[in-house]
Structures are given as C-alpha cells and as structure tokens.
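Asks: Need coordinates for the below:
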Amino acid sequence: MKEQWSSKLGFILASAGAAVGLGALWRFPYLTGTNGGGAFFFLFIVFTLLIGLPMLISEFVIGRGSKKEAASAYKALVPRGLWRWIGRFGVLGSFLLLTFYAVVGGWIMIYTILSIAGFILQNGGDYGELFGMITADPWLTLLGFALFIALNVVVLSFGIQKGIERANKYLMPLLFFFLIILIGRALTLEGAMEGVRFLLYPDFSQITTSGLLEALGHSFFSLAVGFSCMVTYSSYLGKAQNLPQSASFIAGMNIVISLLAGLAIFPIVFAFGLEPESGPGLLFIALPTVFSQMPLGGLFLSLFLLLFLFATLTSSFSLLEIIVSAFTQAKPYKRRNVSMVAGFALLIAGTPAALSSGVLAHIQWFDRSIFDLTDFVVSNLMLPIGCFAIALFVGFKMNRELIHEQYLLSTGRWSTSTYTLWHRLMQTLVPLTIGLVFILQFVL
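Replies: This next block holds a predicted model:
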C-alpha cells in the first residue's frame, strides 16, 4: 500500500520545508545583494505569484492525479511520446542540484559544530577570512558534506510519515521563531535602516538580463518546482487536501520567509560595512557578526545555525526523495538500501563541487568554479527547461477532465473561476514568460 501523509498540516509543512530551506535563507540574500536589492525582490515576488505559484499547483495536480512519483507520473498520465522524460529529467536535475546543495549543507554543518565548540566567535572578528579558511580546507569541507548526506539518508530511510513529516513538524516553527529574534537584534543596529531601504526600495536601473533570469530561476528554486519534487510529494496525498489553497499558503510563506531573511541579513550587512555583493558566503559572514554583539551570542548563534541546518535538510529531503522514490515505487521495502546507494552516489558526484573553493579552485569553466557552474546550469538552465515542459504538459497535453477534478477536489465554489484563470496562465503567460526570459540570456 502506498504511504501517505498523516495530515494536511504534515504535507503543508513538509512542502513548505522543501520550499523554504536554502532558497529563502541562503540563496535569496546573496542573489538580492548581487542583483540590485529591492528591484530583485520585487521581480522575485512577481515571478513567484504569476509563474511559480501556478507551477506549484500544476505539480500538485500531476502528483495526486497520477498517484505516481515523478519518474512514473507523466508516463502514467500520457503513455506515449516524449512527455515521460519530464519526470526523468527532474530526477537528474535533483541529483545535480544536490551535488552543490549538499556542499552548502556541509558548510552549515561545520559552522554548527564549530559554533557549539565556541570557536566561531573567538576567531577575532574576521569572519570573511574564517569562511574562506573553512571552505578551502578539503578535509573540513568533505567531512561536512559527508555528514549532511548521511543525515538525509537516515531520515529518508524511515519514509514519509516517520521521517520527512515528523522532522518538519518541529523544525519549521522553531526556525521561524529564531529568525524573528535575529531580526529584532539586527534592526536595532546603527545604520540598519540602510539595509532595509536596500531590500525594500527598488532601483530598476540595477536590473540586468542576468538579474531577470536569476529572479525567475530563484522563484522556481525557492518553491522546489521544475524538477517534479512536488509531483512526488503530492503523490502521497489523499482527496481531502485543497491543492490551490495549500500551494498559495506555501508560496506566501516562501515570500514572507525570504522577506524576513532579508530583514535579518541586510541591516547587518550595512551596519557593519559588509559588501552585499559578497556572494554565497554572505550569510556565513553576517550571522557571526551580529551574534558577536549580543549577550549570550555564542549560544544564540549555535541555536540558529542548528535550526538553519534543519531547514536546509527539509529542502534536501524533497530532492533526495524524488531520487529514492523513482527506484522504490514498486518495491518500497528497498527504501533503506536505495537511500544508501543514492547517498553514496551523491558523495562521489558532489566531491568536485565540494573542493572547488580549495584544491580545485584553479579549475574554471566560463569564469565559474565547479560549484558556481553547477549552480548556474541547474538553476538557470535546467529548472526553466523543466518548468517550461511541465507548463506545456498541463496546459495542452494532460487530460482536461482529470485536471479539473484534481484542482476542484475539496475546494469551494469560488475555485471554479480561479481554475479557469490558473489553466489559462499555464497555457499562455507561464510558458511564454519562461521561454522569453530563457532566450534573452543568450541574445542580450
């Protein structure tokens, strides 16, 4: 018998955990910092509501409508043609994404361990140099990388209810609570309002074609759509779940958490004269800076890093689940063995990205390290392609009656009108926008 979520809340928290994670807390601040601040945030909100949300609903409809994980769902719905490759493309994309995502998870793991040991805040205040030292150390990086993957394997081995759902029910509320505490401290710093203005006041002259693509790609990345992760999650759903409502809640939570992450990070950045363009290391430099100014700062830094680690895990669970479920759909008793094999494969494939800030830093393609190039290929190329294919599938190929049934299941009458709007978006605005922004990066 196919496993299901034990409750509506369990599904929403697990899906929100998949969406929030590194997307909102790590990736959003540094992308905003390198793409003009408020203008990037504005575009991110627009793309999330007009493109990302309809895509999220689409993956929910495909998953529950087929009752299959991503690799099998499209074939089950449309047996003939190339459509079945959408799910397989998602499995490949999730694997590649995890090869660099788990590297960042490893950094967080190492920072958490060092913080608990009291080392981080005793470093003397040069947190940029500390970040460079940690990421350049091959043994530390590989240790964190391996531990992060091992934690994923352990949780996925227990399945949906006892593993993923149980972890998310406790971790997501705790993360939100500590994020509010961090914002409260950050906003009291001298010069903090400059950071708030940077985040909330858009200067559209700062937006480039690359920034436009980054904003679209991040709306996909942060909602975990494009690689059919949410197809797999929603395949475990019963009939009682209101899909449009759940998707709207998750998209709204993602925007709010991204806003809170920006309000926590950018006041610190401007108050202490840090560079908002610092890139992937921004969070690891800003967090110790503010906690070093707080009473019991070491304790709070350790707690926040621990919860940040958990939030990162909730996202990686969804990525690894799409891989594991692809090989255990007909044989669920093999979940533990498949999880271990997938973890070992990730360890091998992700090692070059893990070492790209240290011993492999000299290897560059298109002026990007292995880590940065993998991030670009996955986030800016593969995710838009995956979303474009899913949009066409739902807009023109999937059975219209089944789509209508799944969308309206457990909803009120008002949903009939929103169904029409949503489906028209999937036929017009969503694929056209994705295609146009994708092509612009090669033309301009």
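Asks: So what pairs up with Arg368 in the strands?
Replies: Using DSSP bridges, the beta-bridge partners of Arg368 come out as Trp365.
Asks: which stretches of the stretch 1-150 of the chain have low pLDDT?
Replies: For the stretch 1-150 of the chain, the stretches flagged by pLDDT under 70 are 1-22, 123-125.
Asks: repeat that with 80
Replies: Regions of the stretch 1-150 of the chain meeting the criterion pLDDT under 80 cover residues 1-26, 121-126, 128.
Asks: Return the residues in contact with Ala102.
Replies: Shown in contact with Ala102 (C-beta atoms under 8 Å, 6 or more residues apart in numbering): 145, 148-149, 152, 316, 346, 350. No exception for glycine: its C-beta is placed from N, CA and C like everyone else's.
Asks: Spell out the residue ranges of the helices in the stretch 251-400 of the chain.
Replies: Under the criterion DSSP state H, counting those that start in this stretch, the stretch 251-400 of the chain contains helices at 282-291, 297-328, 335-354, 370-376, 383-392, 400-408.
Asks: hey, C-alpha coordinates of the first one in CSV?
Replies: Put plainly, it is helix 282-291. C-alpha atoms of helix 282-291 as CSV (Å, rounded to 0.1, in the frame of the first residue of the first chain):
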residue,chain,number,x,y,z
LEU,A,282,27.3,36.4,2.7
LEU,A,283,25.2,34.6,5.4
PHE,A,284,28.2,32.9,7.0
ILE,A,285,29.9,36.3,7.4
ALA,A,286,26.8,38.3,8.5
LEU,A,287,25.4,35.9,11.1
PRO,A,288,28.6,35.7,13.4
THR,A,289,28.9,39.5,13.0
VAL,A,290,25.6,40.2,14.7
PHE,A,291,25.7,37.4,17.2
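Asks: For the residue nearest to Val231 when sequence neighbours are not counted, grab the count of nearby residues.
Replies: Leaving aside its sequence neighbours, Val231 sits nearest to Gly63 (C-beta to C-beta, 6 or more residues apart in numbering; 4.0 Å). Close neighbours of Gly63, defined as other C-beta atoms under 10 Å, add up to 25.
Asks: What spatial separation is found between Gly63 and Leu31?
Replies: Computed as C-beta to C-beta, to the nearest Å, the Gly63 to Leu31 distance reads 28 Å.
Asks: how many other residues sit next to the closest residue to Ile207 other than its chain neighbours?
Replies: Spatially, and ignoring its direct neighbours in sequence, Ile207 is nearest to Ala39 (4.9 Å; C-beta to C-beta, 6+ apart). Number of residues near Ala39 (other C-beta under 10 Å) recorded here: 20.
Asks: Leu200 is in contact with Ala39, correct?
Replies: No: the criterion here is C-beta atoms under 8 Å, and Ala39 misses it with Leu200 at 10.7 Å.
Asks: Neighbour count and distance to Tyr101 added to the contacts of Ala102, as a markdown table?
Replies: Converted to a markdown table, these look like this (neighbours: other C-beta atoms under 10 Å; distance: C-beta to C-beta, whole Å):
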| residue | neighbour count | distance to Tyr101 |
| --- | --- | --- |
| Phe145 | 26 | 10 |
| Phe148 | 29 | 9 |
| Ile149 | 23 | 10 |
| Asn152 | 26 | 10 |
| Ser316 | 28 | 6 |
| Leu346 | 26 | 10 |
| Gly350 | 27 | 9 |
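Asks: ok so, going back, of the helices of the stretch 251-400 of the chain, which approaches Asn242 most closely?
Replies: When those are compared by C-beta to C-beta, helix 400-408 sits nearest Asn242, at 9.5 Å.
Asks: helices and strands around whichever helix or strand comes after that closest one, which ones?
Replies: Sequence-wise, the next helix or strand downstream of helix 400-408 (DSSP states H and E) is helix 415-427. Packing partners of helix 415-427 (3 or more C-beta pairs under 8 Å, 6 or more residues apart in numbering; DSSP states H and E): helix 53-66, helix 243-271, helix 400-408.
Asks: Point out the most buried one among these.
Replies: helix 53-66 (a mean of 27; mean count of other C-beta atoms under 10 Å).
Asks: helices or strands next to that helix in the packing?
Replies: Where contact means 3+ C-beta pairs under 8 Å, 6+ apart, helix 53-66 is packed against helix 70-77, helix 209-223, helix 229-234, helix 243-271, helix 383-392, helix 400-408, helix 415-427.
Asks: Can you dump the C-alpha atoms of the shortest one in CSV for me?
Replies: Read that as helix 229-234. What follows is helix 229-234, C-alpha atoms only, in CSV (Å, rounded to 0.1, in the frame of the first residue of the first chain):
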residue,chain,number,x,y,z
CYS,A,229,9.8,17.3,-6.5
MET,A,230,6.3,18.4,-5.6
VAL,A,231,4.9,15.8,-8.0
THR,A,232,6.4,13.2,-5.8
TYR,A,233,5.3,14.8,-2.6
SER,A,234,1.7,15.3,-3.8
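Asks: for it, the distance to its chain's centre please.
Replies: Here helix 229-234 is found 14 Å from its chain centre; the criterion is C-alpha atoms, centre = their mean, to the nearest Å.
Asks: returning to that earlier point: with mean pLDDT and distance to Pro173 added, can I get the helices of the stretch 251-400 of the chain in CSV?
Replies: Shown next, in CSV, are the helices of the stretch 251-400 of the chain (pLDDT from 0 to 100; distance: least, C-beta to C-beta, whole Å):
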stretch, mean pLDDT, distance to Pro173
helix 282-291, 77, 20
helix 297-328, 80, 10
helix 335-354, 91, 26
helix 370-376, 90, 29
helix 383-392, 92, 28
helix 400-408, 90, 29
